[in-house]
Every structure is written in C-alpha cells, then in structure tokens.
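J.: Okay, here's the prediction I keep looking at, along with the sequence it came from:
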Amino acid sequence: MNANVTDEKPIGLALVIDDEAVDQMLYDRILKRSGLVGRVMGFTYAQDALDFLSEPTNDPVDVVFLDINMPRMNGFEFLEAATTQLGAHFAKACVVMLTTSLNPDDRSRAESFDVVRDFINKPLTIAQVQEIATWLVEEAKKRACA
C-alpha cells in the first residue's frame, strides 16, 4: 500500500494501461466511483507506463490494471520488461490483467508472473476493485507484522 497517500485510500495510485479510449474512461469512472482509489493515471501505450514506473521520483504505484492485447507492446511484453528492468521495485505493485481473451493459455501465462494478482475478463467492476483493495490492506498488515 502506498504510505504517501494522505487521504487514506487503500489504493493510492492506480495505473490503467489500455489502448482503448472507451475502456480507459470506463475504468477511470469505476475506480473513482469505488471511493477506494486516490489517483488514477491512464496510459494508452505500455511503453509510456514503463517509462513512468522507471522514474524513481514518481509516486509508488499500488495497482496496475493491464490490458493484454495492445499495439507496440502487449501486456505480457510489458510484464517481462517491467520485471526485468524494475525487479523488486515493480513487484511492489499489484498487477491485474484485464482481457476479452477466452484463451486458457493467457491465464496460465499471466499466473506465471508473481506480480500478477488477478486475471479479469472485461469489464472491471466496483466489486472487483473492492476485492483488490481488501487484498492490498491485508498485505500491508502482513508486512507491518513481519
């Protein structure tokens, strides 16, 4: 959980990486309506999000909502690049894969990344955001007790 968040939201900063403008608007609306997210940043291209995550002066990210099928760099290529380039720094973020894919290989591939917390078929719902926020709070409590 982002310790720098002053408004005590369980999800301080959420990144949405999706090449579809309509999906970006929908997720922004859902995340804000949930009341559980302090700030939402959207990226159309995965490389732009990777550049943001690579900048050490940017706020830490609590959740990355990541589309699989995107041009230039797809979701899996982003995960590979982020875990290679950012290592443990990136692993502090929880990644939620968002997809319309029905291919079970995509789910298996997503689960092969430790940082991936969930694999959700689009669209994202407020109930799913609540589950993610609860998980983040529980993880923060575990770290505090360790």
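T.: Received the coordinates, thanks. Residues are numbered from 1 along each chain as shown.
J.: can you pull the buried residues of the biggest helix by length in the chain?
T.: Using DSSP state H to assign secondary structure, the helix with the most residues in the chain is helix 126-145. Neighbour-count burial for helix 126-145, counted by 16 or more other Cβ atoms under 10 Å, picks out 128-129, 132-133, 136. Every C-beta, even on glycine, is put in place using the N, C-alpha and C of the backbone.
J.: Kindly report the same for stretch 71-89.
T.: 73-76, 78-79, 81-83, 86.
J.: OK, contacts around residue 15?
T.: Contacts were defined as Cβ atoms under 8 Å, 6 or more residues apart in numbering; by that measure residue 15 touches 40-43, 49, 52-53, 61, 63-65, 93.
J.: circling back: helices or strands up against the longest helix of the chain?
T.: For helix 126-145, the contact count by 3 or more Cβ pairs under 8 Å, 6 or more residues apart in numbering; DSSP states H and E identifies strand 11-17, helix 21-34, strand 94-99, strand 116-121 as packing neighbours.
J.: One more pass at 10 Å, please.
T.: If contacts are counted by 3 or more Cβ pairs under 10 Å, 6 or more residues apart in numbering; DSSP states H and E, helix 126-145 sits against strand 11-17, helix 21-34, strand 37-43, strand 63-67, strand 94-99, strand 116-121.
J.: For the second one, which outside residues touch it?
T.: Contact partners of helix 21-34, identified using Cβ atoms under 10 Å, 6 or more residues apart in numbering, comprise 9-11, 14, 16-18, 20, 37-44, 63, 65, 67, 98, 100, 122-130, 132-133.
J.: In PyMOL, how would I select just the buried ones from those?
T.: Here is the PyMOL selection string for the buried members of the contacts of helix 21-34, based on 16+ other Cβ under 10 Å:
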select buried, resi 9+10+11+14+16+17+18+37+38+39+40+41+42+43+44+63+65+67+98+122+124+128+129+132+133
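J.: Look up how far residue 17 lies from the residue nearest the centre of the chain.
T.: The chain has residue 64 as the residue nearest its centroid, 1.2 Å off, counting by Cα atoms, centre = their mean. Relative to residue 17, residue 64 is positioned 7 Å away (Cβ to Cβ, to the nearest Å).
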